[in-house]
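*Asks:* Give me a 3D structure for the following:
(one chain, ligands or ions: 1)
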Amino acid sequence: MSGNDEKRAAAEKAALLVEPGMKVGLGTGSTAALLVDALGRRWTEGLRFLAVATSEATHRQAEALGIRLATLDEEPTLDLTIDGADEIGPGLALVKGGGGALLREKLVAAASGRMVVIADASKRVATLGRFPLPIEIMPFGAETTRRRVASLLEAEAGRPVDLSLRAGKDGAPFVTDGQHWILDAALGRIADPARLAGSLKSVLGVVEHGLFVDMAEAALIGTPDGVMEETREGQARPGDSSTCA
Ligand SMILES: O=C[C@H](O)[C@H](O)[C@H](O)COP(=O)(O)O
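*Replies:* Numbering: from 1, shown residues only. A predicted model of the protein is given here:
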């Protein structure tokens with residue numbers, strides 16, 4: 001099974017979690033796009049639900065498939081959010097934001113009764129931090145914020161941390177849907193995700209970061225042996241969508 005097949009299997013399993021009348025947060029990224037495709041097929045078959053997208057890209061995709069959409073302000077309480085991740089660590093702590101959607105993703109997940117993560121097996125890690133941690137910042141005074149973040153991360157890691165401003169296709173800074181910029185922090189290892197999450201939130205100029213701690217309730221992970229369901233407590237079992245509720 002290729003990584004893409006694993007993503008698709010997880011996404012299709014997760015699409016079965018959506019029930020008639022639900023309010024559903026739709027994630028962003030290549031795995032979430034496979035979920036939206038699967039939900040588009042279920043919509044065509046007659047399933048009716050209401051969706052809130054975590055990015056302009058996902059909104060456009062869902063809209064093109066005819067899925068009914070609302071904004072988070074119109075629907076501030078959702079039943080379920082299904083989203084991808086860049087890394088899934090112990091306790092289902094996540095690194096997200098590789099596609100730059102972390103702020104809306106976190107707002108939508110926080111408004112949801114439950115969050116289910118979907119991914120291929122490569123995303124499961126023993127310790128978070130191999131994937132550079134995205135940190136969304138205000139463009140105004142970005143260099144002063146970068147210095148504050150760098151000194152915080154150096155104190156946390158005990159060494160200087162490579163912190164780069166994410167570039168867009170044209171070489172200019174990548175701009176998020178919220179019109180912010182992103183710093184990518186090459187930490188290598190995040191020993192205490194909850195502590196780092198709290199520290200980053202206190203830095204002036206930081207809008208949000210890609211650590212999602214205590215947010216995901218379950219993960220559906222595509223593997224060569226099928227889709228495994230993992231809970232926050234770490235139990236893994238062959239994924240049966242009915243056990244995810
Ligand atoms: O900003 C993007 C999101 O956090 C994605 O969910 C994450 O980057 C995973 O994306 P993919 O499914 O493409 O690996």
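*Asks:* how about the helices in this structure?
*Replies:* Assignment of helices within the chain using DSSP state H yields the ranges 3-15, 30-44, 56-64, 102-110, 142-157, 193-201.
*Asks:* Throw those into JSON lines and include mean pLDDT, distance to Leu92 and mean neighbour count, thanks.
*Replies:* No exception for glycine: its C-beta is placed from N, CA and C like everyone else's. Listed next are those as JSON lines, based on pLDDT from 0 to 100; distance: least, Cβ to Cβ, whole Å; neighbours: other Cβ atoms under 10 Å:
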{"stretch": "helix 3-15", "mean pLDDT": "97", "distance to Leu92": "14", "mean neighbour count": "22"}
{"stretch": "helix 30-44", "mean pLDDT": "98", "distance to Leu92": "15", "mean neighbour count": "20"}
{"stretch": "helix 56-64", "mean pLDDT": "98", "distance to Leu92": "21", "mean neighbour count": "18"}
{"stretch": "helix 102-110", "mean pLDDT": "98", "distance to Leu92": "12", "mean neighbour count": "24"}
{"stretch": "helix 142-157", "mean pLDDT": "96", "distance to Leu92": "22", "mean neighbour count": "16"}
{"stretch": "helix 193-201", "mean pLDDT": "98", "distance to Leu92": "11", "mean neighbour count": "17"}
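*Asks:* Tell me which of those helices sits nearest to Ala236.
*Replies:* Nearest of these to Ala236, taken as Cβ to Cβ: helix 3-15 at 13.2 Å.
*Asks:* and that closest one, anywhere near the ligand?
*Replies:* No. Using Cβ under 6 Å from any ligand atom, helix 3-15 never reaches the ligand; the gap is at least 6.5 Å.
*Asks:* What are the contacting residues of that helix?
*Replies:* Helix 3-15 is contacted from outside by 1, 30-32, 34-35, 37-39, 41-42, 82, 84, 116, 118-122, 220-224, 226-227, 239, 241, 244, using Cβ atoms under 8 Å, 6 or more residues apart in numbering.
*Asks:* Could you quantify the relative orientation of that helix and helix 30-44 as an angle?
*Replies:* 50 degrees (axes from the mean of the first three to the mean of the last three Cα atoms, to 10 degrees).
*Asks:* Keep only those of the contacts of helix 3-15 that are also close to the ligand.
*Replies:* Contacts with the ligand within those, as defined by Cβ under 6 Å from any ligand atom: Ser30, Thr31, Ala32, Gly84.
*Asks:* Now tabulate those in TSV and tack on distance to Val213.
*Replies:* Converted to TSV, the ones next to the ligand among the contacts of helix 3-15 look like this (distance: Cβ to Cβ, whole Å):
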residue	distance to Val213
Ser30	23
Thr31	20
Ala32	20
Gly84	17
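*Asks:* Next one: Trp43 relative to the ligand, how far apart?
*Replies:* Applying Cβ to the nearest ligand atom, to the nearest Å, the value for Trp43 to the ligand is 21 Å.
*Asks:* Run through the residues that contact that residue.
*Replies:* Counting by Cβ under 8 Å, 6+ apart, Trp43 makes contact with Phe49, Leu65, Gly66, Ile67.
*Asks:* give me that answer again for 10 Å
*Replies:* Residues near Trp43 by Cβ atoms under 10 Å, 6 or more residues apart in numbering: Val18, Val36, Phe49, Ala51, Ala62, Leu65, Gly66, Ile67, Arg68.
*Asks:* Can I get the buried ones among those as something I can paste into ChimeraX?
*Replies:* In ChimeraX, this line selects whichever of those come out buried by 16 or more other Cβ atoms under 10 Å:
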select :18,36,49,51,62,67
